[in-house]
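Visitor: pasting a predicted model and its sequence here:
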There are 2 protein chains.
Amino acid sequence: MKIENSLLLTDLYELTMMQGYYYHKMEGMASFEFFVRKLPKNRNFLVFAGLEQLLNFVESAHFEKEEIEWLAQQNFRIDFLNYLENFRFSGDIYAMQEGTIFFPFEPVLRVTAPIAQAQLLESRLMNIIHYQTLIASKAIRFALVAPEKNLVEFGLRRAHGAEATIFSARASFIAGFSGTSNVLAGKLFEIPILGTMAHSFIQAHDVEEQSFFDYAIANPQNVTLLIDTYDTERAAKLVVKLAPKLKEKGISIEAVRLDSGDLELLSKRVRSILDTGGLKETKIFASGNLDEYKLEALVKSGAPINGFGIGTSLDTSSDAPYLDCVYKLQEYEGKPRRKRSTGKATWPGTKQVFRYFNKNGSMQKDLIGLATESYPAVTLLHPVMRNGKRIYPKESLIEIQKRTKDNLARLPFEIKTLEPAKTTYPVEFSQPLISLRDQLEREELQPE
Amino acid sequence: MKIENSLLLTDLYELTMMQGYYYHKMEGMASFEFFVRKLPKNRNFLVFAGLEQLLNFVESAHFEKEEIEWLAQQNFRIDFLNYLENFRFSGDIYAMQEGTIFFPFEPVLRVTAPIAQAQLLESRLMNIIHYQTLIASKAIRFALVAPEKNLVEFGLRRAHGAEATIFSARASFIAGFSGTSNVLAGKLFEIPILGTMAHSFIQAHDVEEQSFFDYAIANPQNVTLLIDTYDTERAAKLVVKLAPKLKEKGISIEAVRLDSGDLELLSKRVRSILDTGGLKETKIFASGNLDEYKLEALVKSGAPINGFGIGTSLDTSSDAPYLDCVYKLQEYEGKPRRKRSTGKATWPGTKQVFRYFNKNGSMQKDLIGLATESYPAVTLLHPVMRNGKRIYPKESLIEIQKRTKDNLARLPFEIKTLEPAKTTYPVEFSQPLISLRDQLEREELQPE
């Protein structure tokens, strides 16, 4: 069993609640919505990602026999386990398209199904959507400050476990990256894979120049040489010396990589050494604990760097490693429901997000209304699964990347900043939604 | 193919460098060491975890036929791919035992193998060890301030992808937690699983009391009722009213859960309502965006809370979502190697960590020396794999948890704080190691 497809990848309470619904024959239709309650401090907007993996998961979700056998030892009722053995999701899902920019309180996804089914999905649904959305929303900040540069996802080693490595490669590509160093992500998602060389290869040779030569001979198709192991400028000169020898063999030096030190200063000196040495076509690639602020500073400084490897800060979304997201019951048996716990109250009912645009195509405002309302605006939630069958086609990552770019282009410039913007994008609630909330509040105040 | 076992879960450069070693017949033995360069701001020490999963990975690591076929389309040489097809790790590994407390620059793991093999392991080895060590080092902070409380890992939904959810459950158990809400982690690692109920179950009922009753009837073995959906104190009184009806059916109310509001105040009021109502045995469990500082404050306040669910802050290690860890070549063909890139220089040679204890059993100091040295101290690196075969037995998580507790008990009290300690634990370098570094530095300064 693959852990990422196991329905046991859930919180225990989803199963005990399911047993409660089952035992008491609560089979009514429920609608749950996924939304973010609050932006992290340094985010002015978020980018939705992860729908493809979610749909794959929901469509194939079932319990294996040996999982049921194991559950039988954990205090579950036999009749309930028989029900689980035949579990298949049979409900509907509405969602935003991947690459859509969104804001707090906007439902990005709605699940409607018999309550036990919709409940069971909760934990893993959040796990899938949360992380990819987190990373797409982080990655777009790099794309924002370096739209002309090649950005490559490099974070495999410090991403949180196996699945995070491939999800971060996918989500950052959606947000505008050009590729990843992660070979498996390249295979699974058809993302361009890019690589250079590590210090160990150079250190394993007694002479640096020999290591460059050996690497190029063995990997003639894409030669990127790492030049900061001992002395960056000296190594740049070695590269110049080496180039004619490789040219004789039909090999060109694609790029050099800097991984430490003052990248602005070094890139300028190295550029000059390469240019003087006749290697005007050889690119400079940089890496080394870069975040979006360092990237912005380098780009603004005019450092002649063509591409960047971005690792840990991206894959862990290090300045904001989680989103305050939830999956909440909004309606059961046709009745709107809400939670009113201190500081955590929710908007009741099933909802739709309406987006208004200015004449020039830029985003004007969003309106959160009830799903039954209609306005002369673009609706952001679309049906993607009906009766347990996927109806939304699989999109290529290139298509999704284009959508993100288009969304970003339409975003008001005031909030396209790394720093918290002084204005927030207008997100309003419709009058019928406000009335519904007020009505429920009045009802709750009545003594039982 | 399970993604977590795929050898394609690697950075592209590991494969291109391997191709370099292969092409040039560089088959000498290499030693790489994994260590942390620097503590995150709020950590005074770290806890090693993840060895079990690493050994499983290394022992079974191989390429599937279809992976080789895919690589054949990516510019790799046929003879190299034939070699990969038969790839099996045949080297040695030394490591600290899981649950061992360690400090920067101390190698926690050493791989010795033909260089191509040791190189290939790098990315996934770091990915496995980094995350579990990160989480164990975070989780122990909760255990430190609440040693008498039941701590339960609750972070599945916001952990970064599937594997992070099970790794965080495992690593936090090692560090002193009592269980997890993650059902799959319970199954895979035999960790006690614990669960309560969510707000949705209550909201799906028209009357709160009915939802409590229904849940208890369906799950009579372990009844924990969530009481903050509408009004916490009112719900506590409902629980008291309900208890006799459940008792008639032989069901007792194990606990109530608070998930919002002022937990200190509410727990005191709820405790009093339960006690007055004859429910002295019913425990109080709390959750809701808790970090170790809030936990410490609650414990110090004397809040009558028996257990805590800890989620996002733990699973993302939110205040320090990564460790500055590396895997570096230390020796090749018997010669010590070092990297001297600006700000990233390493200590050469294969090393051992020697730990000295005071007469009372507390830790006195650590000494990092060459692997060939010997001192009247406890050595922390042990052989765990030889010639590709695991020689270290599988340990139960309970054993590892005991080791962590023992380590924590021996740690100087000055650094057992949530805040950065004023003193650092003494970690020294042996004279032979210092001499070796100085000798290599002098050699590097010679003109070639």
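Guide: That came through fine. Only a predicted model underlies this, so the values are computations on that prediction, with no experimental measurement involved.

Visitor: helix/strand/coil for the most centrally placed residue in chain A?
Guide: The centroid of chain A falls nearest to A:Gln132 when counting by Cα atoms, centre = their mean (2.6 Å). The three-state assignment at A:Gln132 reads helix, by DSSP: H, G, I helix; E, B strand; the rest coil.

Visitor: now do the strands in the stretch 51-200 of chain A.
Guide: Applying DSSP state E, counting those that start in this stretch to the stretch 51-200 of chain A gives strands spanning A:92-95, A:101-102, A:109-114, A:150-153, A:179-180.

Visitor: cool, the stretch 251-400 of chain A as well?
Guide: Using DSSP E, counting those that start in this stretch, the strands of the stretch 251-400 of chain A run over A:253-258, A:283-286, A:307-310, A:325-332, A:335-336, A:351-357, A:363-370, A:378-379, A:382-386, A:389-390.

Visitor: measure how buried the closest residue to chain B within the stretch 1-150 of chain A is and give me the count.
Guide: Residue nearest to chain B within the stretch 1-150 of chain A: A:Leu12 (3.0 Å; Cβ to the nearest Cβ). C-beta: built from backbone N, CA, C; applies to glycine. A:Leu12: 23 surrounding residues under other Cβ atoms under 10 Å in any protein chain shown.

Visitor: any low-confidence regions in chain A?
Guide: Of all residues in chain A, those with pLDDT under 70 make up the ranges A:1, A:341-344, A:445-448.

Visitor: that older thread, for B:Met197, which of the strands of the stretch 51-200 of chain A is the nearest?
Guide: Closest of the strands of the stretch 51-200 of chain A to B:Met197 is strand A:109-114, at 18.2 Å (criterion: Cβ to Cβ).

Visitor: the residue nearest to A:Ser396 when sequence neighbours are not counted: neighbour count?
Guide: Nearest residue to A:Ser396 in three dimensions, chain neighbours excluded: A:Glu190, at 7.8 Å (Cβ to Cβ, 6 or more residues apart in numbering or on different chains). A:Glu190 has 12 neighbours, counted by other Cβ under 10 Å.

Visitor: what about stretch A:335-353, how long is it end to end?
Guide: End-to-end span of stretch A:335-353 (Cα to Cα, to the nearest Å): 20 Å.

Visitor: got the buried residues for that stretch?
Guide: For stretch A:335-353, a neighbour-count test (16 or more other Cβ atoms under 10 Å in any protein chain shown) marks A:336-341, A:344, A:346-353 as buried.

Visitor: ok, the closest residue to A:Ser90 other than its chain neighbours to chain B distance?
Guide: Distance criterion Cβ to Cβ, 6+ apart; nearest residue to A:Ser90, sequence neighbours excluded, is A:Gly388 at 4.2 Å. For A:Gly388, the distance to chain B equals 20 Å [Cβ to the nearest Cβ, to the nearest Å].

Visitor: again with A:Ser260
Guide: Distance from A:Ser260 to chain B, by Cβ to the nearest Cβ: 4 Å.

Visitor: thinking that residue is in contact with A:Thr229, fair?
Guide: No. Look at A:Ser260 against A:Thr229 with Cβ atoms under 8 Å: they stay out of range, at 9.2 Å.

Visitor: neighbour-wise, which of the two wins?
Guide: Neighbours per residue (other Cβ under 10 Å) separate A:Ser260 from A:Thr229, with A:Thr229 holding more: 24 against 21.

Visitor: pretty sure that one contacts A:Glu208?
Guide: Yes. Using Cβ under 8 Å as the test, A:Thr229 is close enough to A:Glu208 to be in contact (6.6 Å).

Visitor: quickly list what's touching both of those two.
Guide: A:Ile202, A:Ala235 (Cβ atoms under 8 Å, 6 or more residues apart in numbering or on different chains).

Visitor: so which residues on the stretch 251-400 of chain A come close to chain B?
Guide: Proximity of the stretch 251-400 of chain A to chain B (Cβ under 8 Å from any Cβ of the partner chain) is limited to residues A:259-261, A:312, A:316-318, A:321-323, A:325, A:327-329, A:332, A:337-344.

Visitor: now, the most widely separated pair of the buried residues of stretch A:335-353?
Guide: Spatial extent of those (Cβ to Cβ) is set by the pair A:Ser341 and A:Gln352 at 25.1 Å.
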